[in-house]
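Engineer: Okay, predicted coordinates and the sequence, questions at the end:
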Amino acid sequence: MQKITYCSLVFFLFFSFSASAQDEKEKIEQERKELQKEIREIENQYSKLKGQTKQSLSQLNLIQRKLNLQNKYVSNISKELRYINDDIYMSNLEIYRLERQLDTLKAQYAKSIVYSYKNRGTYNFLNFIFSANGFNAALKRIAYLKSYRSYREQQVRNILETRKKIEQRKIEMLTKKEEKNEALENQSKQVKELQNTKKEQSNVVAKLREKEKDLKKELDAKKKRDRDLSNQIAAIVKREMDKIKNQNPGANPRITEGSANPSRPYINLNAADEALNADFEKNKGKLPWPVDNGFTKLKFGKYEYKLSEGSKPLVGVNPGITITTPKGSSVKAIFAGEVSSVSRVGDVVMVVIRHGKYFTAYSNLSSASVSRGAKVVKGQEIGKAAADDNDDREGMVDLIIMEVDKELNPELWLRK
C-alpha cells in the first residue's frame, strides 16, 4: 500500500512540475532572446564609439549597460540550469516509479504463469468446466477462463508498454543532460565575456580619469540640459492644469482630504479625458517604443560614475530614459492624446502630449511634424531624432512620462 501511495505521489509531482516548469522555461528562453538582442545592439553602438579617439561618458554608459545585461544573462542561464536539474531529478523519480511498476507487473505475471503451469493440460481445463454445478455455472467458468487469458495478454502489453516508457524517459534524460552541458558551456563563455567587459570598463575608466575635469564639464552640461527640460515640462504641465481648472471653475484644486497625498495637484477631467486617462493606465507595460529601432542608453533616475577610489562620484538624475536610435529616425507618439506644446530646448525641439492627467515628452528632436492643440493617435510620427550629444553620426531621443507633476519610469510603461 505504501509503495502504491509513493508511486502515485511521484506520478502526480512529475506531471504537475512538468506543466509549470515548461511555462517558466519558455519565459526564461524569451528573456534570454531579449537580452541577446539588447547586448548585440549595445556592442554595435559601442564598436562605433570605440573607433573615436575621444573617450566620453557615452562609452562608459554603454559599457556599464552591457555589464548589467551580461550579469542578467549569466543569471538567466543559472535559472535555466536550476530548471534542467529539477527536470533531471523529476525524470529520475519517474524512471524509479516506472521501474517499480515494471517489477510489480513482472511479479504478477510470474504468478499467473506459475498458476497456469500448475493447471495446464486439457484434462484440467475440462475438469474445471464440467465440475460446475449446472450449465449456467459452466458458462461462467468458460467466461472466467477467457477473461483470465485476456488478463494475461494485458499483463504482457502492460509490461512492454512500461518498458517502452522507461526507455523514452531515459532518452529524455540524456537529452536533458546534453542541454545541461550546453548551458554550462554557455555560462562559462558568458562569464569570460563578462570578465573581458570588466577589463574594457577599467580601460575606459582609466582613460576618462585622465580628463576628469572635462568629463565634469560634460556632465554639468547634461545636468543643466536635464534641469531645463524638467523645468520647461513642469511649466507646460502647470499651464495645462490651469487651463483645465479654468474650464471647470467649480472643481476642487486639491485631492480630497484623506487621500494618499493631499498636497498633490488635482485635475478635474471631462468624460473624454477621463476615458483616455483610464485607457493610458490600462496600457502600463504595453505601450510601444517611440522609435522603431533603438535601445536605452541611459536609464531613468539617479546615475553615477566613479572614476577613481577616494574621489567623489560624478552624479546626475535622468528625468526619463535616453534612447539611442539612427539619426533622423521617425519619432512616434506612444499613445493617443493632444499636443500640449511644441518648443525648443536649446538647439533641439521638444514635443509634449497630454493623455488625461498623464504627459509624455519627446525631446532632442531635429524637427516636429505636429503643432500645439493637434490630436494625435498612437504610433503617429511627431518628429525626427536629432544627433547624439557625443556622436553626431548617431541619433538620440529623451522620453519623459509624467503623472501631473510626478516623473515616472518609462521602462515600466513601455513593452519589453
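Structural biologist: Thanks, I have it.
Engineer: distance between the helix or strand in which K207 is found and the chain's centre?
Structural biologist: Using DSSP states H and E, K207 maps to helix 135-209. Distance of helix 135-209 from its chain centroid, counting by C-alpha atoms, centre = their mean, to the nearest Å, is 27 Å.
Engineer: Now the next helix or strand after it: buried residues?
Structural biologist: The helix or strand immediately downstream of helix 135-209 is helix 212-247, counting by DSSP H and E. Across helix 212-247, burial judged by 16 or more other C-beta atoms under 10 Å covers 215, 218-219, 222, 225-226, 229-230, 232-233, 236-237, 240-241, 244-245. C-betas here are computed from N, CA, C, even on glycine.
Engineer: now, the most widely separated pair of these?
Structural biologist: L215 and K245 (44.4 Å; C-beta to C-beta).
Engineer: Can you spell out which helices and strands pack onto the helix holding K207?
Structural biologist: In terms of contacts (3 or more C-beta pairs under 8 Å, 6 or more residues apart in numbering; DSSP states H and E), helix 135-209 is packed against helix 57-118, helix 122-130.
Engineer: Pick the most buried one from the ones you listed.
Structural biologist: Compared across the helices and strands packed on helix 135-209, helix 57-118 shows the largest average neighbour count, a mean of 17 (mean count of other C-beta atoms under 10 Å).
Engineer: Give me the angle between that helix and helix 212-247.
Structural biologist: 80 degrees (axes from the mean of the first three to the mean of the last three C-alpha atoms, to 10 degrees).
Engineer: and helix 57-118, how far out from the chain's middle?
Structural biologist: Offset of helix 57-118 from its chain centre (C-alpha atoms, centre = their mean): 23 Å.
Engineer: Could you give the average pLDDT over that helix?
Structural biologist: Averaged across helix 57-118, the pLDDT comes to 82.
Engineer: Output the contacting helices and strands for it.
Structural biologist: helix 2-50, helix 135-209, helix 212-247, strand 295-298.
Engineer: if we go to 6 Å?
Structural biologist: Applying 3 or more C-beta pairs under 6 Å, 6 or more residues apart in numbering; DSSP states H and E, one finds that helix 57-118 makes contact with helix 2-50, helix 135-209.
Engineer: what angle sits between the last one and helix 212-247?
Structural biologist: Same thing as helix 135-209. If you take the same axes, to 10 degrees, helix 135-209 sits at 120 degrees to helix 212-247.
Engineer: and V397, what are its bridge partners?
Structural biologist: Per DSSP bridges, the residues bridged to V397 are I323.
Engineer: how about it, what does it touch?
Structural biologist: Residues in contact with V397 (C-beta atoms under 6 Å, 6 or more residues apart in numbering) are 323, 331, 364, 385.
Engineer: how many neighbours does the second one have?
Structural biologist: I take that to be V331. By other C-beta atoms under 10 Å, the residues close to V331 number 31.
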